[in-house]
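Asker: here's a sequence, model it:
(2 chains)
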Amino acid sequence: MTSQTSESKVHKTYLEEDMGRKGIFKWILSTDHKRIALLYLYSMMVWFTVGVVLGLLMKLELIAPGKTLMGPQAYNATFTVHGVIMIFLIVIPGLPAVFGNFLLPIQIGAKDVAFPRLNLFSWYIYVLGSILVIISLFGNGPPDTGWTFYAPYSFKTGTNMLPAALGAFVLGFSSILTGLNFIVTIHRMRAPGMTWMKMPLFPWSIYGTAWIQLLATPIVGITLLMVAGERILGIGFFDPAKGGDPLLYQHLFWIYSHPAVYIMILPAMGAISEIIPTFTRKTIFGYKAIVISTLAIAFVGYFVWAHHMFTSGMSGTALFTFSILTFLVAIPSAIKVFNWITTMHKGSISTEVPFQWAASFIFIFMIGGLTGLVLGALATDVHLHDTAFVVAHFHFIVFGGVGFAFFGAIHYWFPVIYGRMYDNSWARTGWIVFFIGFVTLYGPMFYLGMKGMPRRYFDYLEEFHGPNIISTFGALVMITGLVIIVTNLIKSARSGPIAPHNPWGGTNLEWRIKSPPSLENFDEIPVIDKATYKFD
Amino acid sequence: MSDSSHHIVSYRTYGLILVLLLCLTGISVAVTQIELTRWTMAVALLLASTKSFIVLAIFMHLKFDEKIFRVMVAFVFLVFAAVIIVTFLDYAFR
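Answerer: Down below sits the predicted model:
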């Protein structure tokens, strides 16, 4: 995409371009979408470390029945803060904020997002929300409601519920503004010739996600404000003693929080849709089907929220309606899986590390998806609701889906982001250790749930002891894998070998410019004359 | 949108709309003094919707903007309406 004139210029990357600023100000005052993406990445790495440590503490507590590390109150606080951090600070902003910010403008042939200052502002709001979550850890003790802040307990507990809920409220604005920015960018800033059906699948997934961010997030914002109103003013929206309805809270919360699962998973699917064709050297199978299924997931995903409430006492009509809708949303998800597998069929597969992450994503996601159908069926849900089975399903989808896709994406786009390569053997070792640890950690929870072990208890019956030991061992293995992966990536970002041009043979625009990109990505805005995913 | 088609709303129109919105707010308050029984909520929602429509059309410029923006806003309202209807599948059948 560079003209002959510009080829002769010295290529100054976005990492070298300081805009006359020094030190940390090069980063926190930069409106460059790529630097903002890295600001999100580094912030999330800090939070992810905290979240993982809290998760490990829970698993260590559960290594044996009775109190081992902590009592019930500390355990309640630990799973609440773990959930708030992982959901609101990691997986919801995760792929859109990091890879969406970095790659969306490049993949559509733009120099930046539509509103660069708003983009930086969104990161500041993210940081503000994070600080509020930190504040909730002090004073009266961390919140103990679970990340769902269910009423009426959320306005009765004496713990620091309010800062955590306000943190989630503030973080919502970051999400809304990012979504708005991406929608406008995709509508207004695509390069000449890049029609909707020539747009790569990752921007398509970001587009679907952005609409959910824009439409669903305000609902949880208002809901959390209502909880604040309950706590401070005692209004009574959700208080049965004042004519309120606790189920109204659950409806309002899940109207956002179920679509939020698609905020997490759609960009993950987008990243997988980019990785697979590159490493199979084949045009993606069913491009239009993937686009339509992306939008279908985004749309139908709005109307399945109450499957989280099957045992709450809803009407029978609502029960079977939401059960049917839940089964419906599985269809577009399955379409994507079939498309990925068909793309691999008879492809010239190269089992590089990003491909291994993508392939294992499909495996893990299918387990998560199919166990979701078990929970979406009314009869089986009654048995499994609020058991360890739900925790396993949830982590297979959210951590398995988003986590595997995130690591696949970072290994795939690492040469674009840093212009360097990572150590392949360590990356492969990290992947296999992580994969084994992940399945060992969460797999036994399916069994435990089916046998009746409830979730969110610091203690359990002796009969659940064995699988819990295996699960805790899995946690330690998985964290070992994480340490290998992260250490390798950090070391490689600083001193890895310089990446050759387009090391994977990708076809999108990010592979046709120099890596790392310059401040404005393109010397000249490219003109798109053919569909992407065409391998010669 | 090209400059030639850029529509400028006059201050007079803005002023009239402001007065209209204030009047509707006054009516919203006044109507609460009347016993409308089960129509109370419907009237309140009708007045609020009318005000929202005016704000979207004039203040937010939808009336003069490209069709795609009206389609987007309509889509949002449809989703919102669908969410309300689906929620009431619980409340109406308990």
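Asker: what's the spacing between residue A:514 and chain B?
Answerer: 35 Å (Cβ to the nearest Cβ, to the nearest Å). To be clear about C-beta, it is placed using only N, CA and C from the backbone, and glycine gets the same treatment.
Asker: that residue contacts residue A:499, correct?
Answerer: No. Using Cβ atoms under 8 Å, residue A:514 makes no contact with residue A:499, being 10.3 Å away.
Asker: and chain A, is the helix ranked longest in chain B touching that?
Answerer: The longest helix of chain B (DSSP state H) is helix B:67-91. Yes. Helix B:67-91 comes into contact with chain A (Cβ under 8 Å from any Cβ of the partner chain), by way of B:68, B:76, B:79, B:82, B:83, B:86, B:87, B:89, B:90, B:91.
Asker: possible to save these as TSV with pLDDT, neighbour count and distance to residue A:154?
Answerer: What follows is the residues of helix B:67-91 next to chain A, written out as TSV (pLDDT from 0 to 100; neighbours: other Cβ atoms under 10 Å in any protein chain shown; distance: Cβ to Cβ, whole Å):
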residue	pLDDT	neighbour count	distance to residue A:154
B:68	89	9	40
B:76	89	13	29
B:79	90	16	27
B:82	92	13	27
B:83	92	18	22
B:86	92	20	24
B:87	93	17	20
B:89	92	18	25
B:90	94	24	20
B:91	91	14	21
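Asker: for stretch A:165-173, C-alpha coordinates in CSV please.
Answerer: This file holds the C-alpha atoms of stretch A:165-173, laid out as CSV (Å, rounded to 0.1, in the frame of the first residue of the first chain):
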residue,chain,number,x,y,z
ALA,A,165,-21.4,-1.1,41.2
LEU,A,166,-20.4,2.5,40.3
GLY,A,167,-17.2,1.1,38.8
ALA,A,168,-19.2,-1.2,36.6
PHE,A,169,-21.5,1.8,35.7
VAL,A,170,-18.5,4.0,34.7
LEU,A,171,-16.9,1.2,32.8
GLY,A,172,-20.1,1.0,30.8
PHE,A,173,-19.5,4.4,29.4
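Asker: find the centremost residue of the chain, please.
Answerer: Looking at chain A here, since you left the chain open. Chain A has residue A:91 as the residue nearest its centroid, 3.1 Å off, counting by Cα atoms, centre = their mean.
Asker: switch to chain B, that's the one I care about
Answerer: Mean-position check on chain B, Cα atoms, centre = their mean. Result residue B:52 at 2.3 Å.
Asker: low-confidence bits of the chain, can you list those?
Answerer: Defaulting to chain A. Scanning chain A for pLDDT under 70 picks out the ranges A:1-9, A:536.
Asker: wait, I meant chain B there
Answerer: B:1-5.
Asker: may I have the phi/psi pair for residue A:281?
Answerer: phi 50, psi 40 (degrees, to the nearest 10).
Asker: quick one: contacts for the nearest residue to it once chain neighbours are set aside?
Answerer: Nearest non-adjacent residue to residue A:281, counting by Cβ to Cβ, 6 or more residues apart in numbering or on different chains: residue A:348, 4.2 Å away. Residues counted as contacts of residue A:348 (Cβ atoms under 8 Å, 6 or more residues apart in numbering or on different chains) are A:280, A:281, A:282.
Asker: look up how far chain B lies from residue A:225.
Answerer: 18 Å.
Asker: circling back: could you pull up phi and psi at the residue nearest to residue A:281?
Answerer: The phi/psi pair for residue A:348 (degrees, to the nearest 10) is phi -90, psi 80.
Asker: that one and residue A:362: what is the separation?
Answerer: 18 Å (Cβ to Cβ, to the nearest Å).
Asker: swap in residue A:482?
Answerer: 21 Å.
Asker: same question for residue A:321.
Answerer: 30 Å.
Asker: again with residue A:57
Answerer: In terms of Cβ to Cβ, residue A:57 sits 31 Å off from residue A:362.
Asker: any idea how far the host helix or strand of residue A:252 is from the chain center?
Answerer: Secondary structure assigned from DSSP states H and E places residue A:252 in helix A:246-280. Relative to its chain's centre, helix A:246-280 lies at 7 Å (Cα atoms, centre = their mean, to the nearest Å).
Asker: now the angle between helix B:67-91 and that helix, please.
Answerer: Counting by axes from the mean of the first three to the mean of the last three Cα atoms, to 10 degrees, helix A:246-280 lies at 130 degrees to helix B:67-91.
Asker: got the residue ranges for the helices in chain B?
Answerer: According to DSSP H, the helices that chain B contains are B:11-31, B:40-54, B:67-91.
Asker: list the buried ones in the shortest one?
Answerer: What that stands for is helix B:40-54. B:47, B:51, B:54 (16 or more other Cβ atoms under 10 Å in any protein chain shown).
Asker: residue B:21 is in contact with the last one, correct?
Answerer: Yes. Under the criterion of Cβ under 8 Å, residue B:54 lies in contact with residue B:21, with a separation of 6.5 Å.
Asker: would CSV of the contacts of residue A:348 with neighbour count and distance to residue A:183 be doable?
Answerer: Putting those into CSV (neighbours: other Cβ atoms under 10 Å in any protein chain shown; distance: Cβ to Cβ, whole Å) gives the following:
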residue, neighbour count, distance to residue A:183
A:280, 22, 31
A:281, 13, 33
A:282, 19, 31
